[in-house]
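K.L.:
From the sequence below, what's the structure:
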Amino acid sequence: MEPMTSRRGTTGEASPILTLALAGDTMLGRGVADRLADDPSTPLLSEEVVAVAAEADLFLLNLECAISERGTPWPDPAKPFFFRAPPVAAELLCGLGVGCVTLANNHALDYGPVALVDTLHHLSSAGIAWVGAGADLERARRPVVLERGGLRIGVLGLTDHPPTFAAGLDRPGVAYADLARGVPSWVGNAVSELDADIVVATPHWGPNMVTEPVPHVLSAAASLRDAGATLVAGHSAHVFHGVGPGVLYDLGDFIDDYATDARLRNDLGLLFLVTFEDGRPLRLEAVPLALDYCQTRLAEREEAAWVTRRFRHACAGFGTEVTEHAGRLVVEWDTEPDHHGSRGRVPDDPADRRAGSGPSSLARGDRREDG
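P.N.:
Okay, here's the model as predicted:
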């Protein structure tokens, strides 16, 4: 897949084409942090995975840790996991070609506000844009607009857990939205009012270790699309989900040190490449991955076959056909404009949508992750 090019339409005018790389939960703390401390040059991705991501004009992922040498664990006796990466992690992400991260998740404040503020500083110093968290409520909710090849890509990050991490008027935190009660007006309005050619909403939503989106996630995805999101790319489940028109329900995991569930295979994943033409998603290519301990590589033959079977099954539930080309899983989307192209406002009280499922209780072993 070639990055940023153009195609001649029937009028003879060039249609701008842009490719976005998307990766799920990227956890650089704990065992990964230990490796970086021992050898900052240690490769976390194989050269082949780096090359795939480099095909894109912009690489976006969910950063599921703080980047800091300061802070103390969040004071919640029920919270079992705390993730913090050393400052070199920001430079490593930059070296991998990451252009933007979302921090709207349940690990951004693992080491408190001081570590979150450090994270923002290290990312900015490395030239990486960030969304979904900030020094106060306004900054946490603020989208970012990035320019690539003359196109403006707007990115909005949000999370539906935990409420205790929510930013306040003068308190660092994340962009929290109680999606179980519906998409709040601030989210819909941020999407609809964003001055960009492409708008990407990236929510951290739903429970862990489930193979399909729960009802409130389905409802929220539809609302985000109705508000004008060109693409919705979610995460939290630790396993990839199927895709529908303009929606990647869960990107799965990308880098971590987690224990593996033998049935759900959270050690196998996908790196997504989405191509846009004239500001609309045209084509998705999903590249099968294998997550070894603290390092990610391309999946081998049997691993890729498992990923292919599962992705096809997950997509079938949304009526999405998946083909295979050169080892990549391909989804072609209709490029005709639809009602999602109108950027309307979300009502101020959308509480008629309710969740139909609570957090998963599936155990993952001694290093089970919580979102």
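K.L.:
what ranges of the chain fall below the confidence cut-off?
P.N.:
Counting by pLDDT under 70, the chain contains low-confidence ranges at 1-15, 335-371.
K.L.:
ranges for the strands of the stretch 51-200 of the chain?
P.N.:
Remark: strands assigned in the stretch 51-200 of the chain by DSSP state E, counting those that start in this stretch are 58-63, 66-67, 84-85, 100-102, 129-131, 133-134, 144-148, 151-159, 173-174, 198-204.
K.L.:
Among those strands, which comes closest to residue 290?
P.N.:
When these are ranked by proximity to residue 290, the top entry is strand 58-63, at 17.4 Å, counting by C-beta to C-beta. Backbone N, C-alpha and C define where each C-beta goes, glycine included.
K.L.:
Only the C-alpha atoms, please, for that closest one, written as CSV.
P.N.:
Listed next in CSV are the C-alpha coordinates belonging to strand 58-63 (Å, rounded to 0.1, in the frame of the first residue of the first chain):
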residue,chain,number,x,y,z
LEU,A,58,-0.1,8.9,9.9
PHE,A,59,0.3,6.2,12.6
LEU,A,60,-2.1,6.4,15.6
LEU,A,61,-2.2,4.1,18.6
ASN,A,62,-3.6,3.8,22.1
LEU,A,63,-0.7,4.4,24.6
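K.L.:
so what does it touch, helix or strand wise?
P.N.:
strand 14-26, strand 100-102, strand 198-204 (3 or more C-beta pairs under 8 Å, 6 or more residues apart in numbering; DSSP states H and E).
K.L.:
Could you export the strands of the stretch 51-200 of the chain as JSON lines, including distance to residue 94?
P.N.:
Shown next, in JSON lines, are the strands of the stretch 51-200 of the chain (distance: least, C-beta to C-beta, whole Å):
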{"stretch": "strand 58-63", "distance to residue 94": "10"}
{"stretch": "strand 66-67", "distance to residue 94": "12"}
{"stretch": "strand 84-85", "distance to residue 94": "13"}
{"stretch": "strand 100-102", "distance to residue 94": "11"}
{"stretch": "strand 129-131", "distance to residue 94": "11"}
{"stretch": "strand 133-134", "distance to residue 94": "18"}
{"stretch": "strand 144-148", "distance to residue 94": "14"}
{"stretch": "strand 151-159", "distance to residue 94": "17"}
{"stretch": "strand 173-174", "distance to residue 94": "22"}
{"stretch": "strand 198-204", "distance to residue 94": "19"}
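K.L.:
Take the ones you listed and lay them out in JSON lines including mean neighbour count and distance to residue 180.
P.N.:
Putting the strands of the stretch 51-200 of the chain into JSON lines (neighbours: other C-beta atoms under 10 Å; distance: least, C-beta to C-beta, whole Å) gives the following:
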{"stretch": "strand 58-63", "mean neighbour count": "27", "distance to residue 180": "20"}
{"stretch": "strand 66-67", "mean neighbour count": "30", "distance to residue 180": "26"}
{"stretch": "strand 84-85", "mean neighbour count": "25", "distance to residue 180": "29"}
{"stretch": "strand 100-102", "mean neighbour count": "27", "distance to residue 180": "20"}
{"stretch": "strand 129-131", "mean neighbour count": "22", "distance to residue 180": "22"}
{"stretch": "strand 133-134", "mean neighbour count": "26", "distance to residue 180": "21"}
{"stretch": "strand 144-148", "mean neighbour count": "16", "distance to residue 180": "26"}
{"stretch": "strand 151-159", "mean neighbour count": "25", "distance to residue 180": "12"}
{"stretch": "strand 173-174", "mean neighbour count": "27", "distance to residue 180": "16"}
{"stretch": "strand 198-204", "mean neighbour count": "29", "distance to residue 180": "12"}
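K.L.:
The helices and strands packed on strand 58-63 into JSON lines, with extra columns for distance to residue 322?
P.N.:
Output for the helices and strands packed on strand 58-63, formatted as JSON lines (distance: least, C-beta to C-beta, whole Å):
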{"stretch": "strand 14-26", "distance to residue 322": "16"}
{"stretch": "strand 100-102", "distance to residue 322": "26"}
{"stretch": "strand 198-204", "distance to residue 322": "22"}
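K.L.:
Which one of those strands lies nearest to residue 252?
P.N.:
Closest among the helices and strands packed on strand 58-63, using C-beta to C-beta: strand 14-26, at 4.5 Å.
K.L.:
now the angle between strand 58-63 and the closest one, please.
P.N.:
Following axes from the mean of the first three to the mean of the last three C-alpha atoms, to 10 degrees, one obtains 20 degrees for the angle between strand 14-26 and strand 58-63.
K.L.:
Report the backbone C-alpha coordinates of strand 14-26 in CSV.
P.N.:
What follows is strand 14-26, C-alpha atoms only, in CSV (Å, rounded to 0.1, in the frame of the first residue of the first chain):
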residue,chain,number,x,y,z
ALA,A,14,-7.1,14.5,-8.6
SER,A,15,-8.8,12.8,-5.7
PRO,A,16,-6.5,12.9,-2.6
ILE,A,17,-5.8,9.5,-1.0
LEU,A,18,-4.4,9.1,2.5
THR,A,19,-3.5,6.0,4.5
LEU,A,20,-3.8,5.8,8.3
ALA,A,21,-2.1,3.1,10.4
LEU,A,22,-4.0,2.1,13.6
ALA,A,23,-2.7,-0.1,16.4
GLY,A,24,-4.4,-1.0,19.7
ASP,A,25,-3.3,-1.1,23.3
THR,A,26,0.4,-0.3,23.5
